[in-house]
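A.B. asks: Sequence and predicted structure below; questions after.
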Amino acid sequence: MTALEHAETGAPAPEELESQVEELGGAPVAPDSPLFSDFDVHPDIVAALADAGIHRTFAIQELTLPLALAGHDLIGQARTGTGKTLGFGVPMLQRVVPPAEGGDGVPQALVVVPTRELCVQVSRDLATAGTKRGIRVQAIYGGRAFEPQVESLRAGVEIVVGTPGRLLDLAQRGDLILGKVKVLVLDEADEMLDLGFLPDIERILAMVPDKRQTMLFSATMPGPIVTLSRSFMTQPTHIRAHGNDEGSTVPQTTQFIYRAHNLDKPELLSRVLQSRDRGLVMVFCRTKRTAQKVADELVDRGFAAAAVHGDLGQGAREQALRAFRSGKVDVLVATDVAARGIDVTGVSHVVNYQCPEDEKTYVHRIGRTGRAGSTGVAVTLVDWDDIPRWQLINKALDLGFDDPPETYSTSPWVYTDLDVPENAKGRLPRSQRTREGLEAEVLEDLGETGKRNRPTTAADRGSSDRGPRGRSEGDGPAGDEGSSSAGKSRPRRRTRSGTGADGETTAPAGSAAPQGAEAGAEGGADGAAGGDAKPRRRRRRRGGAGRGGAEPAAGA
């Protein structure tokens, strides 16, 4: 496949764009890179970007802006962290009409993204760039209550950024109107394919007008994505910046691969986190349970750490990300799915606590550092069982780490490779515990926690926002099960000593047993037949009274 497939769109000739791609290559912003104002971008957008410290374009932006601003369909391929959001965001902000210029509040542009975290990030970036034009951007994603999102849509928005499931829900309910969308963007299309969203995307595409501008951004171009682009795009120009695809690692990232024993990994990780001059750190795990376990252990060792994974409620996930972005915690432990789309500046180190599944995941993980031209360090801890998996990754990416050295927390090269002080131990010295920690970040009420905005507590993190499916105890009807479901609350209200939850005895001497207990003890204990006999005897013995409430015999 050529770097650029030119369709008859009136764009610059293929050989001209080809030379641009080769020249730009994936390099960071250069001092002579074009300014956003050089592309006839609206002055208010240029001013808003300047306020955010953004003046010059990245490689992918320099290539996409001329085509996108002219209204052409395009397919962009570039590595994560190279500025794709503004590559499609600036043309989108230019085309929509804000309320001050006659906009009626019905969405004019739609961005579809695979994950909640990416949704929040993209909507935030677009809102920042569109501030001076008065363009309203709304994030639509699951894990939050419907009502606030519906209210925002009814109040009027120009751009909607959302995940496929919630977008479909609101569109089918009639709360989200897609009939006036004139710019559609599919961001991280290959990730949406991996997560099984392709049918949902096709249904969304069928809801928007046929006459529109469509931009698709994907790190790779598997067959279904190619088919999708042919079906729903009009003569798209394919832009692929050489060296910027996900099939190669970031040249600004220094990689270290260690063969580590699973039992020594916490000690080894603690040393890595004490590297001199390190910034924020992301630690990746393959499973949700491991991610939470590692985060809890790091907190116990004195590090300001937080976890992001699928077993946490959306409120807790956003709380952890806010704390990470603000620096209240400097270590974020995440699973691969939860970390998709997380773009936080200042990440100096990435640690693969568990070996990734494949080379694509490896590149995605270490791409969290070395972003936007910065340098970074990636450390991968490969357990003995994962050596075959690592060798496949190493061969696919041609990394040259065929035989990682057997490494322990006391190995001298850990200290020299990563610039770790020689006196570093497995716990962070108290003098270095300067971060506020996750407790300092407010747990926001998103309609799924049942709590008002307030600082979180250890109990919140341990129980109320974590569950098999991210539910909290106050999460709607399912969370009220203990109090509203008939008969289900009775066994939970007794303690083993026979006292109720409020400290009162459940069956005082000489009194009748509670009605619920009698119903559960139907038939009595003496000679009663059936499957309920044993539970009834156990309950009476622990309470210290018989079915009729009589005192136990002396010496019993």
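C.D. replies: Okay, I see it.
A.B. asks: Give me the domain ranges for this protein.
C.D. replies: 4-240, 253-464 (automatic domain parsing).
A.B. asks: could those go into a markdown table alongside mean neighbour count and mean pLDDT?
C.D. replies: All C-beta atoms are positioned from the backbone trio N, CA, C, and that covers glycine. Below are the domains of the chain laid out as a markdown table (neighbours: other C-beta atoms under 10 Å; pLDDT from 0 to 100):
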| stretch | mean neighbour count | mean pLDDT |
| --- | --- | --- |
| domain 4-240 | 19 | 84 |
| domain 253-464 | 19 | 85 |
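A.B. asks: Ala307 against Ala291, yeah?
C.D. replies: Yes - contact status for Ala307 versus Ala291: in contact at 5.2 Å, counting by C-beta atoms under 8 Å.
A.B. asks: Give me every residue in contact with the helix or strand harbouring Thr128, excluding its own residues.
C.D. replies: Here Thr128, judged by DSSP states H and E, is contained in helix 116-129. With contacts defined as C-beta atoms under 8 Å, 6 or more residues apart in numbering, helix 116-129 is touched by 45, 48-49, 52, 85-86, 89-90, 92-93, 111, 113, 135-143, 159, 161-163, 187-188, 308, 314, 317-318, 321, 338-343.
A.B. asks: Which of the residues you listed fall in helices?
C.D. replies: Among the contacts of helix 116-129, the members found in helices (DSSP state H) are 45, 48-49, 85-86, 89-90, 92-93, 314, 317-318, 321, 338-339.
A.B. asks: Pick the one among the residues you listed closest to Leu65.
C.D. replies: Distance to Leu65, by C-beta to C-beta, is smallest for Val90 among those, at 6.5 Å.
A.B. asks: May I ask you to confirm that that closest one is in contact with Leu65?
C.D. replies: Yes - here Val90 reaches Leu65: they are 6.5 Å apart, a contact under C-beta under 8 Å.
A.B. asks: Name the SS class of Val379, please.
C.D. replies: strand (DSSP: H, G, I helix; E, B strand; the rest coil).
A.B. asks: Spit out the contact partners of it.
C.D. replies: Contacts were defined as C-beta under 8 Å, 6+ apart; by that measure Val379 touches 255-256, 258, 272, 349-352, 418.
A.B. asks: One more: Glu267?
C.D. replies: Neighbouring residues of Glu267 by C-beta under 8 Å, 6+ apart: 408-409, 426.
A.B. asks: quick one: it is in a strand?
C.D. replies: No - under three-state DSSP, Glu267 falls outside any strand and is assigned helix.
A.B. asks: how far away is it from Gln354?
C.D. replies: Separation of Glu267 from Gln354 (C-beta to C-beta, to the nearest Å): 16 Å.
A.B. asks: In CSV: the contacts of Glu267, plus distance to Pro199.
C.D. replies: As requested, those are exported to CSV (distance: C-beta to C-beta, whole Å):
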residue, distance to Pro199
Tyr408, 48
Ser409, 47
Gly426, 48
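A.B. asks: quick one: which of the residues you listed is nearest Thr131?
C.D. replies: Of all those, Thr131 sits closest to Gly426, with 46.2 Å by C-beta to C-beta.
A.B. asks: Was I right to think that closest one contacts Ser270?
C.D. replies: Yes - with contact defined as C-beta under 8 Å, Gly426 counts as touching Ser270 (4.6 Å).
A.B. asks: Identify the contacts common to these two.
C.D. replies: In contact with both Gly426 and Ser270: 301, 409, using C-beta under 8 Å, 6+ apart.
A.B. asks: From Val299, how far off is the closest residue to Asp383 other than its chain neighbours?
C.D. replies: Leaving aside its sequence neighbours, Asp383 sits nearest to Asn262 (C-beta to C-beta, 6 or more residues apart in numbering; 5.2 Å). Asn262 sits 20 Å away from Val299, going by C-beta to C-beta.
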